[in-house]
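In: Need coordinates for the below:
(2 chains, ligands or ions: 2)
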Amino acid sequence: MTTLIVNGMEHPLDLADPRVTLLDALRDRLGLTGTKKGCDQGACGACTVIADGRRILSCLTLAAQCDGREITTIEGLESHPMQDAFMRHDAFQCGYCTSGQIMSAVALLGEDRAGSDDDIREFMSGNLCRCGAYSNIVAAVREVARHA
Amino acid sequence: MTTIQQQPRILGPGINRVDGPLKVTGQARYANDFSLPGMAYAAVVRSTIASGRITRIDTTAAEKSAGVMRVITHENADHLAAAPATFIKNPQAPLQDDVIRYHGQYIGVVVADTQQNATAAARLVEVEYELHEALLDPHDPRAERIKDPWGEDTAWGDVRTALKRAPVMIDQTYTTSENTNNPLGLFTTLAAWDGDTLTLHDSNQWPNMVQMVVATMFGVPEDAVRVLTPFVGGGFGAGLRCWSHIPLAVMAARHVGRPVKLELTRPEMFTGLGHRTASFNWIKLGATRDGRLTAIEHESLTTLSMEGDEYEPCSSVSCSAYASPNVTTRDQQVKLNIPWTNFMRAPGDSQGNFALESAIDELAWEVGLDPLEIRLLNYAEVDPKTGRPWSSNALRQCLEIGAQRFGWSRRNPEIRSMREGHELIGYGVAGVSFFWYQQPCSAKVIFRADGSAYVRSAVTDIGTGTYTIMAQLAARLLGLDVEQVEMQLGDSEMPAGAAAGGSGLTAAVGSAVHDACGRLVQKFVDLAATDPFSPLADVGIENVEVSEGRLYRKGDPTRGESLARILAVHGLDELAADGSSTPNSPDELGMTPAGARGARFVEVRVDEDLGRVRLARIVTVNDGGRILNEKLARSQILGGTVGGIGMALFEDTVTDMDTGRIANATFGDYLVPVNADMPDVHIEFVGEPDAFNPIGVKGVGEIGLVGVAAAVANAIFHATGKRIRSLPITMDMLMD
Ligand code: FES
Ligand code: FES
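Out: Numbering: from 1, shown residues only, chains lettered A, B, ... in the order given. Ligands and ions are numbered 1, 2, ... in the order given. Model prediction:
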């Protein structure tokens, strides 16, 4: 039995199949489909979640490695100012990258890496947005970082 | 009634997306987010050769693998009917024969209890092939060429003579590479049969198209198939056809007697959903010594898959962009053993514009004119092909205002004349005359006694903002607050919708909503007329206005009734009206639909030693006609700009010429712009409501992409003196 602690709730999981990634466990086992799969290869950032305070790619993390770790997904944010800023700055279009962008941006604040626009661009570059909302994402992160 | 014509060109700065709260909380549900009880998972098997036949396919090991329920290949697949064409051909049903036409073609599907088991078993299918030589090189003389594929080759004047006599001539070839749409959302079909009816949760840009194609293939009535697409993780054209994974999922669900989810992987997204054609553009310009165009000849060649069909009239940009007395445009396609080529944001226009706007820039240098000046000098005041007026055209303002905002006057005209440290600085400009495509569309508008209103149409919102702007439009036309109106879409059972493609959806569905709202107001007026006590008993629709949920006599808001009261008086819960739109005819209106217009101004920085290109600034000014929501329209232009940067500097779908395999089918290998690649972007709209459709809009979903690549190439020339005529522009091309 592996126990995933997701958004403060404990979920005992029978992981007979060791190939199950954290991403698939969240989506297919726990029904938390807010975390998205864009590549399953660690290259797009859509699956970003926060584990023990750090952003990780859940598609590159096996669920079995997460026993007892504190995972936060987009469903676990409670009206975070980043979500509001994303809406006001229209920092998304199709919305598919958005959960990953927001989780990445929230973690970025804690990493102290949102000091300048260049920093935000650089440290948000692991999150692809194929709709191209980048400038608006920077505007949203900048605003929240300033008021943090 | 209140008409849209009385509304300002820009309907306010724009409200936030109404679907924003769902998207920032992870609650928006895309096709792969749905699950059904008893659902099984599918994984596809793809060919590993580009041309030939399957001589043996052994599924024994796969069938014995853990959790596997079924393996389907051409040997046990259902026979499906031919796929009908929609506005373009759809792929024929998969697994119908043993012929391989491209590397990555679906040759089987495995269904299992979990995704992990399905994926693992798919690798166990053993295939032997008879290998044929694949045609992969567009210039291979054995490859079949299709001349004038769309009957749109154009000629006026006498180009040959004009070129012979021209004192100045440009004669160059411009090429663009294949690009792949790569919407971030993995395209997924979840198929569930219930007896003879079928429900699909599917990623697409046109639910009624998927419904029609699947119904035909499986021989069931259209109304037995329901396609649900409330959200799509982007498309950029990838969702405009019924790709083969869709019938594959449907067939698999029939075989195992339970719902089946088929989610494509990223590598499968490269072969399974089409990609932008490679293009070769041969351009000849003739001009006077002072830079006036006397002739344009534009020929193009684009790539096509063996069984494919594609509309990429690259040369047609040269029919509308500049005034020239002599013009010839010709297009050709070449059939290759490659995966399908398909629409990708601004098909044809994006490639053709790169060629034409590069050539015009070369002409400017040749005659010693400012690149901005030469564009204004040859400005097409009317449609050069027909002599008709444009339905609206603010390209001149795009160029002039863009130049001001950018500070074009600070440009030193000499090449390699501007620098900072080891970076050479270049300024480049490109103009854009875009075409758009409108389809018929219908919509329903419902007003309820509780004051809420609903708009329904079977269209999609691929991120363009349809949910939001249609609610806004209906609110304006019915005099309601936007919070009172809900746009419902993405369900094939709703009134038949147009495709979210060709930059035509806003015009199509917006005009249908406009029609429906007008009819609904008429119904209220008719109802009031039957009530002798109504203050509106004797007025016609021309003499009423609606605002704040009230219908009243024009000019006298005190004499009227609320819509809710009219319903109450007549004991009704709701009142609904259907509306529709069809594209106007240029002949009847005596004008040419102009489509959006735009100008791009770009500052590049090129590292003198390394050839590394950095974009510092882009000013993009566009004429999109009436702008329904400026915030969202700006996002469309921004997204297009990012796509344009990708096309200019990064995106290149590479085919291995030995095997026909796409060699870089991952996000690790196929480069797309990331946040750190972004320049400072200034976006502005100019122009007037367009005369071609009742709501005055022109689509803005694609135009933002067009022209970026040419402006970048032109700026690189200004910076370095190197003229790059092939996309993407990479470091190696700029290193000495
Ligand atoms: S899905 Fe994990 S990085 Fe793309
Ligand atoms: S909003 Fe579509 S990928 Fe970012």
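In: Looking at chain B, which strand is longest?
Out: Across chain B, the longest stretch assigned as strand under DSSP state E is strand B:293-305.
In: In its sheet, which strands sit next to it, and in what direction?
Out: strand B:279-287 (antiparallel), strand B:327-336 (parallel) (DSSP bridges).
In: In the helix or strand following that strand, which residues are buried?
Out: Sequence order places helix B:317-320 as the next helix or strand after strand B:293-305, per DSSP states H and E. For helix B:317-320, the buried set under the neighbour-count rule, 16 or more other CB atoms under 10 Å in any protein chain shown, comprises B:317-320. The way it works is simple: take the backbone N, C-alpha and C, and place the C-beta from them, glycine included.
In: how about the one helix or strand B:Gln397 maps to as CSV, C-alpha atoms only?
Out: Here B:Gln397, judged by DSSP H and E, is contained in helix B:395-406. Extracted in CSV, the C-alpha atoms of helix B:395-406 (Å, rounded to 0.1, in the frame of the first residue of the first chain):
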residue,chain,number,x,y,z
LEU,B,395,-3.8,48.2,-43.8
ARG,B,396,-2.5,51.7,-44.4
GLN,B,397,-3.3,52.6,-40.8
CYS,B,398,-1.7,49.4,-39.6
LEU,B,399,1.5,50.3,-41.3
GLU,B,400,1.5,54.0,-40.3
ILE,B,401,0.5,53.6,-36.7
GLY,B,402,2.7,50.6,-36.3
ALA,B,403,5.7,52.6,-37.6
GLN,B,404,4.9,55.3,-35.1
ARG,B,405,4.6,53.0,-32.1
PHE,B,406,7.7,51.1,-33.1
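In: which other helices and strands contact whichever helix or strand comes after it?
Out: Counting by DSSP H and E, the next helix or strand C-terminal to helix B:395-406 is strand B:418-420. Other helices and strands packing on strand B:418-420, by 3 or more CB pairs under 8 Å, 6 or more residues apart in numbering or on different chains; DSSP states H and E, are strand B:423-433.
In: Please see if the strand it packs on touches chain A.
Out: No. Against chain A, strand B:423-433 shows no contacts by CB under 8 Å from any CB of the partner chain, the least distance being 15.8 Å.
In: so after that strand, what's the next helix or strand?
Out: Past strand B:423-433, the next helix or strand by DSSP H and E is strand B:441-448.
In: What mean pLDDT does the helix or strand following that following strand get?
Out: Moving toward the C-terminus from strand B:441-448, the next helix or strand (DSSP H and E) is strand B:453-456. Taken as a whole, strand B:453-456 carries a mean pLDDT of 98.
In: Is it correct that B:Arg226 is in contact with B:Gln211?
Out: Yes. Counting by CB atoms under 8 Å, B:Arg226 touches B:Gln211, with 7.3 Å between them.
In: quick check: domain ranges of chain B?
Out: B:4-27+B:439-582, B:34-134+B:184-234+B:239-272, B:279-437+B:589-734 (automatic domain parsing).
In: which one of those is the most hemmed in?
Out: Greatest average neighbour count among the domains of chain B goes to domain B:279-437+B:589-734 (a mean of 22), per mean count of other CB atoms under 10 Å in any protein chain shown.
In: mind checking the end-to-end distance for that one?
Out: Length of domain B:279-437+B:589-734, first residue to last, CA to CA, to the nearest Å: 22 Å.
In: Could you dump the strands paired with strand B:293-305 into TSV with distance to B:Ala77 and mean pLDDT added?
Out: Shown next, in TSV, are the strands paired with strand B:293-305 (distance: least, CB to CB, whole Å; pLDDT from 0 to 100):
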stretch	distance to B:Ala77	mean pLDDT
strand B:279-287	35	98
strand B:327-336	25	98
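In: quick one, which of those strands is nearest to A:Lys37?
Out: A:Lys37 sits nearest to strand B:327-336 of all those, at 31.3 Å, using CB to CB.
In: gap between the helix or strand that that closest one is followed by and the chain center?
Out: Note on strand B:327-336: by DSSP H and E, the next helix or strand toward the C-terminus is helix B:349-367. Centre-to-centre, helix B:349-367 and its host chain are 23 Å apart (CA atoms, centre = their mean, to the nearest Å).
In: pLDDT averaged over the longest strand of chain B, what's the number?
Out: 98.
In: then that strand to CSV, C-alphas only?
Out: C-alpha atoms of strand B:293-305 as CSV (Å, rounded to 0.1, in the frame of the first residue of the first chain):
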residue,chain,number,x,y,z
LEU,B,293,5.4,47.1,-59.0
THR,B,294,4.6,46.2,-62.6
ALA,B,295,4.4,42.5,-62.3
ILE,B,296,4.1,39.7,-59.7
GLU,B,297,4.6,36.1,-60.5
HIS,B,298,4.1,33.7,-57.5
GLU,B,299,4.3,29.9,-57.9
SER,B,300,4.1,27.5,-55.0
LEU,B,301,4.6,23.9,-54.3
THR,B,302,3.3,22.3,-51.1
THR,B,303,3.5,18.8,-49.7
LEU,B,304,0.6,16.4,-49.6
SER,B,305,0.2,12.9,-48.2
